[in-house]
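[1] Sequence and predicted structure are below.
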Amino acid sequence: MIGFLIAILSGALMSVQGVFNTQVTKTSGMWLASAFVQFTALIVCVAAWLIKERTPLNSLFLVQPKYMLLGGVIGAFITVTVIKAMEMLGPAKAVMFIVISQLLIAYIIELFGMFGVEKQPLEWRKVIGMVIAIVGVILFKW
């Protein structure tokens, strides 16, 4: 149950952050706003690490495979693409397309067992659910 609540909170925070970031870009520019977002996230994460965790810094160098360390690079592009999508489509449409894309790609990753995720069998009810979600986006768009 707590996992569901955390996921709902995550989605809500992503939507609010996207709106905030889009507003910031109106006066500062896309890349400056994105850099500020990533920099402030760094400050919060370092503070939380110092207060809560203090895992040895060199543990990052033990991560295998090394491409798994690209999450921050991907995060920078997530920030930019969310800002651009919200600017061009508005918050509701942008978030719908983002969530559908997340669902689709996450399911593909599970089906093929990519990036160290345990491979899952194809389930038609999940495919039907995805189709219903896509139809819902089309209906919302009209």
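    Perfect, thanks for sending it. Numbering: from 1, shown residues only.
[2] Check which helices and strands the helix or strand of the chain with the lowest mean pLDDT is in contact with.
    Sorted by mean pLDDT, DSSP states H and E, the helices and strands of the chain end with helix 124-141, the least confident at a mean of 88. Secondary-structure packing of helix 124-141 (3 or more Cβ pairs under 8 Å, 6 or more residues apart in numbering; DSSP states H and E): helix 91-112. For glycine as for every other residue, the C-beta is placed from the backbone atoms N, C-alpha and C.
[3] could you measure Ile108 against Lys141, distance?
    23 Å (Cβ to Cβ, to the nearest Å).
[4] Test my guess that Leu60 contacts Leu69.
    Yes: counting by Cβ atoms under 8 Å, Leu69 is a contact partner of Leu60 at 6.9 Å.
[5] how far out from the middle of the chain is stretch 70-89?
    Chain-centre distance of stretch 70-89: 9 Å, with Cα atoms, centre = their mean, to the nearest Å.
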